[in-house]
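Trainee: the following comprises the amino acid sequence and a computationally predicted model.
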Amino acid sequence: METIFTKIIKGEIPATKLYSDDLCIAILDIAPVNKGHALVISREPYPTIGDCPPKTLIRMMEIVKKLDAAMHKELDAEATNIVINNGPAAGQEVPHLHIHIIPRYSGDGKRFIPKKTAYNEGEIADYGRKLHL
Ligand code: 5GP
């Protein structure tokens with residue numbers, strides 16, 4: 001499957017590359033939440049985490065950790081948001097697995113805190129059983 005990110009990986013469209021190896025690349029997001037907002041992208045166009053081999057996910061998280069450190073060191077980030085929109089219903093626009101790393105600063109006015117819901121009586125135990133691994 002071709003995506004905007006496979007075109008970037010093939011060099012067909014330009015991007016500011018931060019990292020590249022056999023399993024993933026990292027680039028700057030073209031429309032940053034804050035400047036320096038980066039994306040770690042699997043080389044293969046797995047749509048979601050569920051499609052991606054653990055080996056690739058592990059490598060991607062290693063690069064996320066390095067970019068998090070670089071954002072603290074080079075951009076004076078106080079924190080980061082590390083986000084995967086994992087499927088269209090979760091707001092994923094590009095159907096090709098990628099991890100956002102967004103530098104954050106106190107008072108920068110960005111919000112990543114969804115409105116919360118509440119369990120009905122006894123419901124949390126049902127969810128616990130369903131999701132127990
Ligand atoms: P999603 O909503 O799928 O999690 O995020 C897709 C991200 O890709 C968005 O933050 C968007 O700004 C970024 N993006 C989309 N097209 C391009 C592009 O052509 N180049 C770069 N560098 N980023 C892109």
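Mentor: Alright, I've got the coordinates.
Trainee: can you give me the helices in the protein?
Mentor: Along the chain, the stretches classed as helices by DSSP state H are 4-10, 54-75, 123-131.
Trainee: so which of those helices gets nearest the ligand?
Mentor: When the helices of the chain are compared by Cβ to the nearest ligand atom, helix 4-10 sits nearest the ligand, at 4.8 Å. C-beta coordinates here come from the backbone N, C-alpha and C atoms, glycine included.
Trainee: which strands and helices sit next to that closest one?
Mentor: Counting contacts by 3 or more Cβ pairs under 8 Å, 6 or more residues apart in numbering; DSSP states H and E, helix 4-10 packs against strand 24-28, strand 38-42.
Trainee: show me what counts as buried in that helix.
Mentor: Across helix 4-10, burial judged by 16 or more other Cβ atoms under 10 Å covers 4-6, 8-9.
Trainee: could you dump the residues you listed to JSON lines with pLDDT?
Mentor: Formatted as JSON lines, the buried residues of helix 4-10 follow (pLDDT from 0 to 100):
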{"residue": "Ile4", "pLDDT": "98"}
{"residue": "Phe5", "pLDDT": "98"}
{"residue": "Thr6", "pLDDT": "98"}
{"residue": "Ile8", "pLDDT": "98"}
{"residue": "Ile9", "pLDDT": "98"}
